[in-house]
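Engineer: What shape does this take:
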Amino acid sequence: MEQRPIPQDEPPGAAGHTSLRPYWLAWGATVVFFAGFYSLLTPLPRYLQAVGLADWQIGLVLGAFGVAALLGRPLAGVAADRWGARRVMLAGAAALFVGALGVGYTANVFLLFGLRLLQATGYAAFTTSGTALVVALTHPAERSRRLSIFGAAANVAMTLAPAAISALLAIMPLEMSFWIVAGLALTAGVMASRVRYAHTVASRQIVWHDLWRFPRVLWLPMFVTGLFALGFGAFLQFSPILADRRGGLPSGTLYTTYGIGIIMTRLVSAHWLDRAGAGRALAMAATLLGGGLALAAFAQSLAWLAAAALLIAAGSGLFHPTLLAHHAYVLPGAPGRSSAAFYVGFDLGLGLGSWILGVVLQMTGVTGLFLCAAFLVATAPAFLRALLRE
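Structural biologist: Numbers count the residues shown, from 1 in each chain. Below you'll find the model as predicted:
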C-alpha cells in the first residue's frame, strides 16, 4: 500500500530543491497569524458576555466561524491557483486585522456576527493558501516532510498564544487584546508579502458555481480525511466532558500534552514520512489515533489520559501532512484546490462527527463515545488500497 512514484510531468511551481527562504518566511508568517487567531479564544467570549449579549447570541456570533471557514475554503483554494497564494494570504491577514480590531468598538450583535465572519474568512483564506504555497514551493519527494514541519506552526501558536493572552488579561482591559490580535495579523501580512516564488496562473478558467464540486478523484481522499478528523474531533470537542466525568481532572493539561506531543511527532517523523509512503504512514496513524481514543475511553487517572493524548497527537501528526500531500498528488497543478479539498473533508469530519458523537454520548455515555470514535478511525485502513490507486 505504498504511494506510487511521483510522475515526471510535475505541475509548474513544484520547484525542486530551491531556496528554503520563502518556505521559512511562510512558516514564520503562519506562526504569527495563528498566534493572533488563537489569541481570540479567551477574550472574545468574555467580551461578548461583558457587553450584555444573551447566551444564544454569543453562540450565534461564535458559530459564524464554522460556516464561514467551510464555505470560504473552496473559494480561497481556487483564488490561490488563479491569482497566487501570497495574495490570498494577504487578503486573509487583512480580514483578520479588520475582524479583530472592530470588535472592541461595538456591542451590536449583527456587527459582531459580521466581524466574526471576517475573522473566519481570514482564517480560511490564510490557512488554505498558505498550504497551497508550501505545495508549490516544495518538490513532491519532500512534500510530506515540509508539510509536516509547516503544520507545526499552528501547533506552536496554539501551545503558546492562548496562555500568553490569558496572562495579559490580568493586567489589561479586554479591548486591548483585540489590538494585539490586529497587530499580529498585520505582522503576518507583512511577512507573507515578502515571500517570493514563481506562481503559474491556473490554465483553466474559474467556474464559480463549481467551486464546491470537487473532482471525483478527490472524493475518497476527502472521505478518509473525514474519518481521521472525526477521531481528532472526539478528543478536541469532548475531552473536557471526559475529564469532568473522570473526577474533575484538569482538561487543560490534556490539551497542553496534545500540543507538545503533536509538535514532537511532526519534528521526529518529518524525514520519515516521504520515505515510508502514504500507505504505511496512514496505517500507523490509524493505529495510534484509534489506540489513543480506546485508551481514553477507559482511562481513570490523569496519567493514563495524558498517555492517551500523546497517542492521539502522534496519530494526528502523521495523518495530517500525509493526506495533505496525497490530495496534492492526485490533483497536480492545482495546489490551492487540492488544499481546499483536504480542509473541507477535515472540517466536515470534525463538524458532522461531533454531531454523531453527541448522539452517541447521549445514548451510551462518554466511554461509548470514545470507543465509537476509535472504531470509526480503525476502519480507515480498509480504504487505503483503493485510496492509493487514485
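Engineer: Helices along the stretch 101-250 of the chain, start to end?
Structural biologist: For the stretch 101-250 of the chain, the helices defined by DSSP state H, counting those that start in this stretch occupy 109-137, 143-168, 174-193, 219-245.
Engineer: What of the stretch 251-390 of the chain?
Structural biologist: Applying DSSP H, counting those that start in this stretch to the stretch 251-390 of the chain gives helices spanning 251-276, 278-298, 302-330, 335-378, 384-387.
Engineer: would TSV of the ones you listed with mean pLDDT and mean neighbour count be doable?
Structural biologist: For every residue, glycine as well, the C-beta is placed using N, CA and C. Listed next are the helices of the stretch 251-390 of the chain as TSV, based on pLDDT from 0 to 100; neighbours: other Cβ atoms under 10 Å:
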stretch	mean pLDDT	mean neighbour count
helix 251-276	82	19
helix 278-298	94	22
helix 302-330	91	24
helix 335-378	85	21
helix 384-387	86	15
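Engineer: among these, which is nearest Ala243?
Structural biologist: helix 251-276 (4.0 Å; Cβ to Cβ).
Engineer: roughly how far is the closest one from the heart of the chain?
Structural biologist: Here helix 251-276 is found 14 Å from its chain centre; the criterion is Cα atoms, centre = their mean, to the nearest Å.
Engineer: Also compute the angle for that helix relative to helix 302-330, please.
Structural biologist: 40 degrees (axes from the mean of the first three to the mean of the last three Cα atoms, to 10 degrees).
Engineer: so what does helix 251-276 touch, helix or strand wise?
Structural biologist: helix 143-168, helix 219-245, helix 302-330 (3 or more Cβ pairs under 8 Å, 6 or more residues apart in numbering; DSSP states H and E).
Engineer: The longest one to helix 335-378, inter-axis angle?
Structural biologist: To tie it back to what came earlier, the one meant is helix 302-330. Going by the same axes, to 10 degrees, helix 302-330 makes 140 degrees with helix 335-378.
Engineer: Does Phe223 touch Leu384 like I think?
Structural biologist: No. Between Phe223 and Leu384 there is no contact under Cβ atoms under 8 Å: 12.0 Å.
Engineer: Give me whichever of the helices of the stretch 101-250 of the chain is most buried.
Structural biologist: helix 109-137 (a mean of 25; mean count of other Cβ atoms under 10 Å).
Engineer: Quick one: mean pLDDT over that one.
Structural biologist: Helix 109-137 shows a mean pLDDT of 88.
Engineer: Just list what it packs against, helices and strands only.
Structural biologist: By 3+ Cβ pairs under 8 Å, 6+ apart, helix 109-137 packs against helix 21-38, helix 55-83, helix 85-101, helix 143-168, helix 174-193, helix 302-330, helix 335-378.
Engineer: Can you give me the domain boundaries for the protein?
Structural biologist: 25-195, 216-387 (automatic domain parsing).
Engineer: what sits against Phe298?
Structural biologist: Thr367 (Cβ atoms under 8 Å, 6 or more residues apart in numbering).
Engineer: and if you look at Leu230?
Structural biologist: Going by Cβ under 8 Å, 6+ apart, the list of residues near Leu230 reads Gly349, Leu350, Leu352, Gly353, Ile356, Leu357, Ala373, Leu376, Val377.
Engineer: Pull up the gap between it and Leu273, please.
Structural biologist: 22 Å (Cβ to Cβ, to the nearest Å).
Engineer: what about the helices and strands packed on helix 109-137, which gets the closest to Arg389?
Structural biologist: So among those, helix 302-330 is nearest, using Cβ to Cβ, at 10.1 Å.
Engineer: Check which helices and strands the closest one sits against.
Structural biologist: Packed next to helix 302-330, using 3+ Cβ pairs under 8 Å, 6+ apart, are helix 109-137, helix 143-168, helix 219-245, helix 251-276, helix 278-298, helix 335-378.
Engineer: Please name the nearest non-neighbouring residue to Ala95.
Structural biologist: Closest residue in space to Ala95, ignoring its immediate chain neighbours: Gly122 at 3.3 Å, by Cβ to Cβ, 6 or more residues apart in numbering.
Engineer: Cheers, nothing more for now.
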